[in-house]
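After the sequence you'll find the predicted model.
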Amino acid sequence: MRRAMESLIYWIWLALRCGAGSESGTLLLSLFGSPRAVHETDARTLGAIGGIDDRLFHALCDKSLERERMIVAYCEKMKIGILTPDSDAYPSRLRAIHAKPLVLYYLGALPDFGRRLSIACVGTRTCSHGGRDNAFLLGYDLAACGAVVVSGLARGIDTAAHAGALAAGGHTVAVLGCGLDHVYPPENRPLMRDIARRGTLVTEFAPGTAPNARNFPIRNRIISGLSQATAVVEADLRSGSLITARCALRQGRDLFAYPGGAADRLSAGTNSLIRNGATLTTSAYDILREYELTYPHTIFTERLGGCEEHRTRALAAFSHAAPLPPPPKMAESTVTRERTKAPKAKTVQKPPRKEETPHAAPGWKPDGLSEPEREVLALLDRPMSCEELAVLYARKTGKRADVATLLGTLTMLEMGGFAEALPGGVYRARNEGSGRSL
């Protein structure tokens, strides 16, 4: 027992030093064999390793285990489970993904991911009534038929999918972008409590980690990685759920998307996914029929429609308890401003700027990028991993390069259409993008 505890401490040490979403941990493990061996490696040996930036080098030279012991003690006190890649219960699907999490913290009962069908249900936070209802019913029907519903506990579509799964008496897994001691969004405290009791809360972020905007794109690879397929219910072109969709494709997972009207802004993202090869779906059955023969003992599509009255009442109760907030005023003023400018733009008929490509989401222009985004984009003159980019970024700019921050920057560039992720965790500037003109 003591030996296992010591092993956990070294895993947490390595995970904290490398940061969430980094492939550096996998590199170091391939070189030294175990987290403890990495911990015991001297600075001279570490300095000779290629692909390690200054930040990571100095972090690895910090051999203190005080914080790690405090984390383990806190998790014991709060009944938080800890998984590492050498744990039997560590989900096997995650072992094969790029930048697999070195440590997973969880509350609740872990489903048998090896024997159960898991479907990720994601979408926009600012969803419509129809999108929310579709997500609730999708989560309900998937769970009623025996599937595990995976999502991110975010507002909107994620919340509805989790609630639907719980209403059906099924199992749902919420992947957080913060430590388990934080509740985000705050209004989901009751839902988070229910999932901890009847499902699973999981995160790679250690207790004490507050919600941060850059954490959420990083955690999306876990949502898709835990699942055989990802279903995007409703998403505009800037929705973070499109990142989860891209992660699913890079991981070799199936992708489903709900269609929407041609003029529906909230369906522009899902329509784009369908246009680019995602399977069109309008119900849980469209998804379940693809897997019912693979999981004959755990998936039961004959349960669909078996308790329509309870299903309808559950949806009505959820809609009453969780009304949608009004659309933000900023979005309304933006639409109004765009409408007033449209006639003028049509009259002038200016030629399109080279950098405003069809791949870029509305509102994304190179001269609107932040300074770090410009700097990163200018360096992507060839395909490279986030770790390689961190080293190059530090050398070219003289600034401290943080792999997690760079990953968040790359994600934003990817969402805007200026960069693209390739298999193996490699990124490059898009051919039509603005990287070469900055």
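Received it, and whenever you're ready, just let me know what you need. Numbering: from 1, shown residues only.

average pLDDT across stretch 140-158?
Mean pLDDT, stretch 140-158: 97.

And it, end to end?
One end of stretch 140-158 to the other measures 13 Å (Cα to Cα, to the nearest Å).

gap between that stretch and the chain center?
Taking Cα atoms, centre = their mean, to the nearest Å, the mean C-alpha location of stretch 140-158 is offset from the chain mean by 15 Å.

Quick check, pLDDT for the spatially closest residue to residue 227 that is not a sequence neighbour.
Using Cβ to Cβ, 6 or more residues apart in numbering and skipping residues adjacent in sequence, the residue nearest residue 227 is residue 120, 4.0 Å away. (Each C-beta comes from the backbone N, C-alpha and C, glycine too.) Turning to residue 120, the model gives it a pLDDT of 98.

From residue 175, how far off is residue 120?
According to Cβ to Cβ, to the nearest Å, residue 120 stands 9 Å off from residue 175.

what are the ranges of the helices in the stretch 51-200 of the chain?
Applying DSSP state H, counting those that start in this stretch to the stretch 51-200 of the chain gives helices spanning 54-61, 66-77, 92-95, 129-144, 157-167, 189-198.

Of all those, which one is nearest residue 290?
Across the helices of the stretch 51-200 of the chain, residue 290 has its closest neighbour in helix 129-144 (12.2 Å, Cβ to Cβ).

That closest one: which residues count as buried?
Under the neighbour-count criterion of 16 or more other Cβ atoms under 10 Å, helix 129-144 has 131-144 buried.

can you tell me the helix or strand for residue 427?
Taking DSSP states H and E as the definition, residue 427 sits inside strand 426-429.

what do residue 120 and residue 175 both touch?
Both residue 120 and residue 175 are contacted by 150, 151, 223, 226, under the criterion Cβ atoms under 8 Å, 6 or more residues apart in numbering.

which one of the residues you listed is nearest residue 90?
Of all those, residue 226 has the smallest distance to residue 90: 11.1 Å, by Cβ to Cβ.

Tell me the spacing between the residue lying closest to that closest one once chain neighbours are set aside and residue 228.
Residue nearest to residue 226 in three dimensions, not counting chain neighbours: residue 150, with 5.2 Å by Cβ to Cβ, 6+ apart. Applying Cβ to Cβ, the value for residue 150 to residue 228 is 10 Å.

same deal with residue 157?
19 Å.

ok, these two, which is more surrounded?
With neighbours defined as other Cβ atoms under 10 Å, residue 157 and residue 228 compare such that residue 157 has more, 33 against 23.

Next one: the more buried one from residue 230, what distance?
From residue 157 across to residue 230, the span is 12 Å (Cβ to Cβ).

list residues touching both of those two?
residue 122.

Surely the residue nearest to residue 227 touches residue 221?
No - using Cβ atoms under 8 Å, residue 120 is not in contact with residue 221; the gap is 10.9 Å.

where does this protein have low pLDDT?
Counting by pLDDT under 70, the chain contains low-confidence residues at 1-3, 323, 325-369, 400-405, 408, 411-412, 414-417, 422-425, 431-438.

swap the cut-off to 50 and go again
328-367, 432-438 (pLDDT under 50).

Where do the domain boundaries of it fall?
Domains of the chain are assigned by automatic domain parsing as 2-90, 109-321, 366-437.

Identify each buried residue in stretch 171-189, please.
Using 16+ other Cβ under 10 Å as the test for burial, stretch 171-189 gives 171-180, 182-185, 188.

Could you tell me the end-to-end distance of that stretch?
Start to finish, the residues bounding stretch 171-189 are 18 Å apart (Cα to Cα).

now do stretch 218-237
Counting by Cα to Cα, you get 19 Å between the two ends of stretch 218-237.

For residue 384, list each beta-bridge partner.
With DSSP bridges as the criterion, residue 384 is bridged to residue 427.

ok, it - contacts?
Taking Cβ under 8 Å, 6+ apart, we find residue 384 in contact with 392, 426, 427, 428.

can you check residue 393 too?
Neighbour list for residue 393: 375, 376, 379, 399, 401, 406 [criterion: Cβ under 8 Å, 6+ apart].

surely the last one meets residue 392?
No - under the contact definition of Cβ under 8 Å, residue 406 does not touch residue 392, with a separation of 10.2 Å.

So which of these two has more stuff around it?
Between residue 406 and residue 392, residue 406 has the larger neighbour count (other Cβ under 10 Å), namely 22 against 18.

which secondary structure element contains the more buried one?
Going by DSSP H and E, residue 406 is in helix 403-416.

Can you list the buried residues in the next helix or strand after that helix?
Next in sequence after helix 403-416, counting helices and strands by DSSP H and E, comes strand 419-422. By neighbour count with 16+ other Cβ under 10 Å, strand 419-422 contains the buried residues 419, 420, 421.

now the second one, nearest residue through space, not along the chain?
The spatial neighbour of residue 420 that comes closest, neighbours along the chain excluded (Cβ to Cβ, 6+ apart), is residue 430 at 5.5 Å.

Do I have it right that the one you found meets residue 419?
Yes - between residue 430 and residue 419 a contact is recorded at 6.4 Å, counting by Cβ under 8 Å.

ok, which stretches of the stretch 101-250 of the chain are strands?
Counting by DSSP state E, counting those that start in this stretch, residue ranges of the strands within the stretch 101-250 of the chain are 104-108, 118-122, 148-151, 172-175, 200-203, 229-232.

Throw these into JSON lines and include distance to residue 285, thanks.
As requested, the strands of the stretch 101-250 of the chain are exported to JSON lines (distance: least, Cβ to Cβ, whole Å):
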{"stretch": "strand 104-108", "distance to residue 285": "28"}
{"stretch": "strand 118-122", "distance to residue 285": "12"}
{"stretch": "strand 148-151", "distance to residue 285": "15"}
{"stretch": "strand 172-175", "distance to residue 285": "19"}
{"stretch": "strand 200-203", "distance to residue 285": "25"}
{"stretch": "strand 229-232", "distance to residue 285": "12"}
